[in-house]
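> coordinates for the following, if possible.
(one chain, ligands or ions: 1)
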Amino acid sequence: MNVYEAVQSRRAVRGFTDEPVRVDVLERVLSAAAWAPSGSNLQPWHSYVVTGAPLEQLKKVAVERVAAGEPWDEREFQMYPPQLVSPYRERRSRFGRERYTALGIAREDWEARQRAAIGNWECFGAPAALFCFIDRGMGRPQWADLGMYLQTVMLLLRAEGLHSCPQMAWSQVRKSVEEALTPPVELMLFCGMSIGYEDPAVDYIRTMRAPLAETVTFVGDVD
Ligand SMILES: Cc1cc2nc3c(=O)[nH]c(=O)nc-3n(C[C@H](O)[C@H](O)[C@H](O)COP(=O)(O)O)c2cc1C
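You can find the predicted model right below:
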């Protein structure tokens with residue numbers, strides 16, 4: 001698989017089989033992903049890989065909390081600006097529409113949407129997950145480093161025949177994650193990531209991208 005194929009075949013998969021993911025494969029992926037760039041080579045990412053009984057227990061705790069309607073944990077960062085402006089607002093609406101259409105859920109069916117959202121804390125059935133933390137003292141450039149690292153992980157997973165879904169949803173129950181993983185106090189959770197083999201029986205709509213001209217400006221000679 002070349003890099004283009006890895007980039008194009010990566011998507012947020014929301015249905016995994018229970019086929020176990022070998023830890024030596026994850027070690028290989030994470031060793032290679034450590035070559036991701038970071039400003040001044042700070043390598044500000046801290047990953048916890050969770051499988052087996054500890055993951056099942058964490059899923060159970062999180063799902064029970066969400067299903068019981070417990071409030072989200074106090075936020076350490078905002079997932080999105082409170083007032084999304086154009087064109088982001090439209091992109092977000094389109095994403096929501098497509099996601100629920102793929103699941104056959106009507107827009108106004110709040111309960112069905114909630115049930116679908118709970119899939120997040122079941123890791124969509126995945127038998128492995130990665131939780132990525134960052135030191136609270138780090139700034140925006142280091143958060144960008146985390147993004148580069150996480151994308152590198154996801155592309156390498158494709159090279160291993162694996163799929164993934166990055167999930168900020170885990171930050172909404174971050175205290176349960178912290179209780180399970182007991183990271184050093186200076187670390188805060190950015191996101192989780194479900195990892196596993198795709199279940200081909202789960203329907204989805206491929207999330208499209210804006211035309212290049214909307215997001216890229218070429219300056220200079222372009223023949
Ligand atoms: C930082 C980050 C957090 C995300 N959080 C979630 C999440 O909590 N739940 C989810 O189902 N998808 C989540 N996604 C997946 C996005 O919805 C998805 O990447 C986007 O819609 C583009 O679709 P694609 O990745 O399938 O191409 C997240 C993606 C990123 C990069």
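> how about the most centrally placed residue in the chain, secondary structure?
Nearest residue to the geometric centre of the chain (Cα atoms, centre = their mean): Pro166, 0.9 Å. Using DSSP: H, G, I helix; E, B strand; the rest coil as the criterion, the local structure at Pro166 reads strand.
> residue contacts, it?
Shown in contact with Pro166 (Cβ atoms under 8 Å, 6 or more residues apart in numbering): Ala12, Leu150, Met154, Cys191, Gly192, Met193. C-betas here are computed from N, CA, C, even on glycine.
> do that again at 10 Å, thanks
By Cβ atoms under 10 Å, 6 or more residues apart in numbering, the contact list for Pro166 reads 12, 130, 132, 147, 150-151, 153-154, 190-194.
> what packs against the lengthiest helix in the chain?
Counting residues, the longest helix in the chain under DSSP state H turns out to be helix 140-159. Contact here means 3 or more Cβ pairs under 10 Å, 6 or more residues apart in numbering; DSSP states H and E; on that basis helix 140-159 packs against helix 3-9, helix 23-33, strand 46-51, strand 128-135, strand 163-167, strand 187-196.
> how about these in a markdown table, adding mean pLDDT and distance to the ligand?
Converted to a markdown table, those look like this (pLDDT from 0 to 100; distance: least, Cβ to the nearest ligand atom, whole Å):
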| stretch | mean pLDDT | distance to the ligand |
| --- | --- | --- |
| helix 3-9 | 98 | 10 |
| helix 23-33 | 98 | 15 |
| strand 46-51 | 98 | 14 |
| strand 128-135 | 98 | 9 |
| strand 163-167 | 98 | 4 |
| strand 187-196 | 98 | 5 |
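> Throw these into a markdown table and include distance to Trp72, thanks.
Shown next, in a markdown table, are the helices and strands packed on helix 140-159 (distance: least, Cβ to Cβ, whole Å):
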| stretch | distance to Trp72 |
| --- | --- |
| helix 3-9 | 32 |
| helix 23-33 | 29 |
| strand 46-51 | 21 |
| strand 128-135 | 17 |
| strand 163-167 | 14 |
| strand 187-196 | 13 |
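> quick one: buried ones out of the contacts of Pro166?
Buried residues within the contacts of Pro166, counting neighbours by 16 or more other Cβ atoms under 10 Å: Ala12, Leu130, Cys132, Leu150, Val153, Met154, Phe190, Cys191, Gly192, Met193, Ser194.
> could the residues you listed go into CSV alongside distance to Gly104?
Converted to CSV, the buried ones among the contacts of Pro166 look like this (distance: Cβ to Cβ, whole Å):
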residue, distance to Gly104
Ala12, 18
Leu130, 30
Cys132, 32
Leu150, 30
Val153, 31
Met154, 27
Phe190, 32
Cys191, 27
Gly192, 26
Met193, 26
Ser194, 22
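> so how many other residues sit close to Arg75?
Counted with other Cβ atoms under 10 Å, residues neighbouring Arg75 total 10.
> SS state for it?
Assigned with three-state DSSP, Arg75 falls in the coil class.
> which positions in the protein make contact with the ligand?
By Cβ under 6 Å from any ligand atom, the residues of the chain that approach the ligand are Arg11, Ala12, Arg14, Phe95, Asn120, Cys165, Pro166, Gln167, Met168, Ala169, Cys191, Thr207.
> what number of residues lie near the fifth one?
Which is Asn120. 22.
> please tell me how far it sits from Val13.
Applying Cβ to Cβ, to the nearest Å, one obtains 13 Å for the distance of Asn120 from Val13.
> overlap in contacts, the two.
Cys165, Ser194.
> quick check: phi and psi at Lys175.
Reported as degrees, to the nearest 10, the phi and psi values for Lys175 are phi -70, psi -40.
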